[in-house]
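**Student:** generate a structure from the sequence data that follows.
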Amino acid sequence: MTPSRTTREDPGVDGTGVLETRLTGLTREEFARDVWARTALLTRRAGDFADLFSAGAVDELIARRGLRTPFLRVARNGATLPDSAFTGPAGVGATIADQLDDTVLWREFADGATLVLQALHRTWEPVAAFCAGLSTELGHPVQANAYVTPPQSRGFDDHYDVHDVFVLQIEGTKRWSVHRPVHPDPLRDQPWTDRRAAVAEAAEGEPYLDTVLEPGDVLYLPRGWLHAARAQGEVSVHLTLGVHTWTRYALAEHLAQAALAVLREDPALRGTLPLGVDGPDGELDLVRERLAAAVTRADPAPLFHRARRAQGRPAPLGPLAQLAAVDRLGPGTSVRLRPALAPRLEGGRLTTRVGWLDFPDDELPSVARLLDGVARPAGELGVPLVARLLRAGVLVPGEQGPPL
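**Tutor:** Residues are numbered from 1 along each chain as shown. Predicted coordinates for the structure are as follows:
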């Protein structure tokens with residue numbers, strides 16, 4: 001391992017991005033140039049993450065929030081327990097059969113099982129807001145899990161993920177062993193289980209990084225990097241932020257779909273193959289020629305943006321507060337664009353994560369002004385326009401919010 005490449009000590013806090021101020025001490029430009037999708041990065045004492053998550057948050061989520069699967073997994077000795085082993089009905093008025101059983105979970109945890117709280121970007125607001133900000137900065141979707149491991153226990157065997165991760169050590173300590181990839185940049189449908197033998201063999205070799213994470217430390221791993229972790233002499237709680245990276249392969253998929261849509265309008269390609277044909281010979285030259293031309297003409301951008309919107313959710317919307325805003329709407333009512341909508345204004349159409357709306361030319365300047373997320377009085381934008389956008393869930397009341 002080369003410490004100058006993989007370790008940063010005491011990052012500064014003067015930058016404006018989450019990457020620099022809370023995770024790596026590197027500016028977005030430095031991280032993109034030297035680290036992103038290239039190498040592991042360990043950042044010591046990145047910060048205090050008590051505002052994001054804690055042992056108390058673990059207890060509240062498990063014992064008081066009525067969580068159901070798949071918001072929790074349980075792992076022991078490298079294997080995942082079936083959901084039925086730790087779920088059950090919750091009594092009168094809450095007879096859903098797969099709610100977490102906190103007594104069973106306590107017993108499993110005491111016997112050495114690791115608890116994995118999944119999708120915290122949906123169930124714990126501080127983590128949700130943090131993920132939204134990081135996703136905006138990276139331009140890729142971000143989700144979060146928490147791993148709660150008893151002393152001296154190991155939840156999962158050596159493996160790799162098909163997404164990048166930031167590991168934030170919250171409480172306790174955990175020893176991490178990291179090895180270089182056996183299959184660089186795996187796609188979503190290329191899990192480590194397809195390469196068990198190669199992973200096991202690589203894990204026996206000299207690690208690229210062997211270190212103990214302490215509270216406040218952050219470890220970044222690109223997808224494909226092998227890793228395993230074991231708690232030390234106390235309970236370990238860490239957050240894993242999974243970055244579901246867009247790839248050129250995904251863009252190629254969208255381009256191919258767009259090209260096929262073009263070919264639907266080509267009479268020659270819609271034509272029937274000759275009678276008695278028993279293979280593609282004699283037809284492929286024409287198909288290749290037309291397909292290549294369609295790829296040149298096709299525009300994958302609409303498909304790409306549609307898929308990107310589907311990967312995330314807009315900021316929470318309170319129905320009662322929204323109804324009150326509609327009922328009390330007047331020229332002085334302050335409104336702003338709902339955060340995390342992934343808005344795109346093209347021509348006269350605004351496309352967002354909650355649908356699309358068309359606008360006449362005279363309203364487009366006001367719609368365009370809303371896209372910066374700044375709060376403005378309804379009278380400045382046009383009260384009828386604001387009423388329509390509030391009802392559509394595109395605008396929300398209030399002051400400036402988190403990044404869009």
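**Student:** tell me where the stretch 201-350 of the chain has strands.
**Tutor:** According to DSSP state E, counting those that start in this stretch, the stretch 201-350 of the chain carries its strands in the segments 209-213, 218-221, 226-231, 236-243, 334-337, 344-346, 349-352.
**Student:** redo these as a markdown table? Include mean pLDDT, distance to I62 and mean neighbour count.
**Tutor:** From N, CA and C alone the C-beta is placed, and that goes for glycine too. Output for those, formatted as a markdown table (pLDDT from 0 to 100; distance: least, CB to CB, whole Å; neighbours: other CB atoms under 10 Å):
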| stretch | mean pLDDT | distance to I62 | mean neighbour count |
| --- | --- | --- | --- |
| strand 209-213 | 97 | 23 | 17 |
| strand 218-221 | 98 | 25 | 25 |
| strand 226-231 | 94 | 18 | 21 |
| strand 236-243 | 97 | 12 | 24 |
| strand 334-337 | 95 | 35 | 20 |
| strand 344-346 | 92 | 39 | 14 |
| strand 349-352 | 94 | 35 | 19 |
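**Student:** kindly reformat these as TSV containing distance to L284.
**Tutor:** Putting these into TSV (distance: least, CB to CB, whole Å) gives the following:
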stretch	distance to L284
strand 209-213	49
strand 218-221	43
strand 226-231	41
strand 236-243	40
strand 334-337	50
strand 344-346	37
strand 349-352	38
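**Student:** nearest to R309, out of those?
**Tutor:** The closest of those to R309 is strand 349-352. By CB to CB, the value is 7.4 Å.
**Student:** returning to what we had before: which of the strands of the stretch 201-350 of the chain sits closest to E108?
**Tutor:** strand 226-231 (15.0 Å).
**Student:** for that closest one, name the packing helices and strands.
**Tutor:** Counting contacts by 3 or more CB pairs under 8 Å, 6 or more residues apart in numbering; DSSP states H and E, strand 226-231 packs against strand 142-149, strand 174-179, helix 196-203.
**Student:** okay, now the unreliable bits of the stretch 251-400 of the chain?
**Tutor:** Across the stretch 251-400 of the chain, the ranges flagged by pLDDT under 70 are 399-400.
**Student:** rerun at 90
**Tutor:** 273-285, 301-316, 339-340, 342, 372-373, 398-400 (pLDDT under 90).
**Student:** would you state the helices of it in chain order?
**Tutor:** Ranges of helices in the stretch 251-400 of the chain, per DSSP state H, counting those that start in this stretch, are 267-270, 284-297, 301-310, 319-327, 364-370, 378-381, 383-391.
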